[in-house]
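J.: show me how the following folds:
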Amino acid sequence: MVFVRELPEAQQKRMLGQELPDFGEAPWATGPALASRRIAIITTAGLHKRDDRPFGAGSGEYRVIPGDTESADLVMSHGSTNFDRSGFQLDINTVFPIDRLRECRDDGVIGEIADFHYAFMGATHPELMAAAAADVAGLLKADKVDGVIFSPV
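T.: Numbering: from 1, shown residues only. Have a look, this model is predicted:
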């Protein structure tokens with residue numbers, strides 16, 4: 001794993017000095033108690049089912065991960081020489097905490113688990129993901145999701 005301070009100056013500026021879009025302000029939304037919520041996972045680990053099309057570099061797309069997908073059927077196409085996949089290889093829950101979510105459901109900490117979860121490619125400029133994020137928001141509403149675990153990678 002490389003530290004940002006060890007990268008060439010131009011790459012440091014690109015990673016740390018990028019202009020981010022202004023999405024405005026949105027008020028906090030109230031909702032049911034956690035024990036009554038339906039929870040989905042959104043990750044930027046570049047995960048997808050083994051038979052799905054891999055992510056390309058800088059992809060603004062997303063992949064759907066059905067809730068009943070076995071961990072062994074997920075692969076990571078996040079590609080970078082600076083990216084350490086060892087945590088994912090040892091325990092998928094480091095980037096997609098589905099087993100922990102199931103434990104929370106079984107223990108009554110949350111209400112339900114969503115039928116579908118979503119994965120994006122990390123290290124992608126937010127403007128390239130805006131349209132896909134809007135699509136996913138609609139899919140989450142259709143799935144009656146009222147809580148999301150964001151797993152940024």
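
J.: what's the residue of the chain positioned farthest from its centre sitting at in phi/psi?
T.: Distance from the C-alpha centroid of the chain peaks at residue 9, with 28.5 Å (C-alpha atoms, centre = their mean). Torsion angles at residue 9 (phi, psi; degrees, to the nearest 10) stand at phi -50, psi -40.

J.: what's the answer for residue 137, then?
T.: The phi/psi pair for residue 137 (degrees, to the nearest 10) is phi -60, psi -40.

J.: cool, the one 3 residues further on as well?
T.: Here is the backbone geometry of residue 140 (degrees, to the nearest 10): phi -60, psi -40.

J.: skipping its backbone neighbours, what lies nearest it in space?
T.: Setting aside the residues directly before and after it, residue 140 is nearest to residue 40 in space (C-beta to C-beta, 6 or more residues apart in numbering), at 5.9 Å. For every residue, glycine as well, the C-beta is placed using N, CA and C.

J.: how close does that neighbour sit to residue 128?
T.: 22 Å (C-beta to C-beta, to the nearest Å).

J.: who has more neighbours, these two?
T.: Under the criterion of other C-beta atoms under 10 Å, the comparison of residue 40 against residue 128 puts residue 40 first, with 24 against 14.

J.: so where is the protein shaky, pLDDT-wise?
T.: 1, 79-83 (pLDDT under 70).
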